[in-house]
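Trainee: Quick check, what structure comes out for this input:
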Amino acid sequence: MRHFVFRWMITTVAVMVAPAFVSGIRYDTVGALIGAALLLGILNAFVRPVLLILSAPLILVTLGFFILIINALMLRLVPSLVIGFHVDSFGSAFWGALLISVISWILSVFFRGNDGRVHVLTHHNQIKRVEGRAIDPMEDRRK
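Mentor: Model (predicted):
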């Protein structure tokens, strides 16, 4: 549950930034923004994986470009369910979804931890020990 709330907060920030750069996306109230981000998070968590599996051949043929189309369709669906959030055209949805994806990715890189806690990722203090046999590159030449 903590992971979902964290992802929702990141998505909310990304959706809040998108109208500043994409002219066809706007929201009337902060409640509409929060509702749109929540719905987008739910759609990305439950509907998007199904769409990705169903469209896998098309994603392979287009070398992943179709994932951007799926993201745009998801963003285009949100205004029909959230009153006060507006996406004017598919082009606005495409560029908005691309921007939201990039912002979400950047924020996720800076605020994540593998211990379940959210913190600024600066460096790793622990070096993980690897068990196994070391391979000597000179050993192959001697044979």
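Trainee: so what does the host helix or strand of Val102 touch, helix or strand wise?
Mentor: Assigned by DSSP states H and E, Val102 falls within helix 90-110. Here helix 90-110 touches helix 2-21, strand 25-27, helix 65-81, going by 3 or more CB pairs under 8 Å, 6 or more residues apart in numbering; DSSP states H and E. To be clear about C-beta, it is placed using only N, CA and C from the backbone, and glycine gets the same treatment.
Trainee: ok, now with 10 Å
Mentor: Contacts defined by 3 or more CB pairs under 10 Å, 6 or more residues apart in numbering; DSSP states H and E place helix 90-110 against helix 2-21, strand 25-27, helix 30-42, helix 65-81, strand 85-87.
Trainee: Pull out the CA atoms of it and give them to me as PDB.
Mentor: Extracted C-alpha coordinates of helix 90-110, given in PDB (Å, rounded to 0.1, in the frame of the first residue of the first chain):
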ATOM      1  CA  PHE A  90      -5.100  12.800 -28.700                       C
ATOM      2  CA  GLY A  91      -2.000  14.900 -29.500                       C
ATOM      3  CA  SER A  92      -2.300  16.600 -26.200                       C
ATOM      4  CA  ALA A  93      -2.700  13.300 -24.500                       C
ATOM      5  CA  PHE A  94       0.300  11.800 -26.300                       C
ATOM      6  CA  TRP A  95       2.700  14.700 -25.400                       C
ATOM      7  CA  GLY A  96       1.200  14.900 -21.900                       C
ATOM      8  CA  ALA A  97       1.600  11.100 -21.300                       C
ATOM      9  CA  LEU A  98       5.100  11.300 -22.500                       C
ATOM     10  CA  LEU A  99       5.900  14.200 -20.200                       C
ATOM     11  CA  ILE A 100       4.200  12.500 -17.300                       C
ATOM     12  CA  SER A 101       6.200   9.300 -17.900                       C
ATOM     13  CA  VAL A 102       9.500  11.200 -18.000                       C
ATOM     14  CA  ILE A 103       8.700  13.200 -14.900                       C
ATOM     15  CA  SER A 104       7.500  10.100 -13.000                       C
ATOM     16  CA  TRP A 105      10.600   8.200 -14.000                       C
ATOM     17  CA  ILE A 106      12.900  11.000 -12.900                       C
ATOM     18  CA  LEU A 107      11.200  11.400  -9.600                       C
ATOM     19  CA  SER A 108      11.200   7.600  -9.000                       C
ATOM     20  CA  VAL A 109      14.900   7.500  -9.600                       C
ATOM     21  CA  PHE A 110      15.600  10.100  -6.900                       C
END
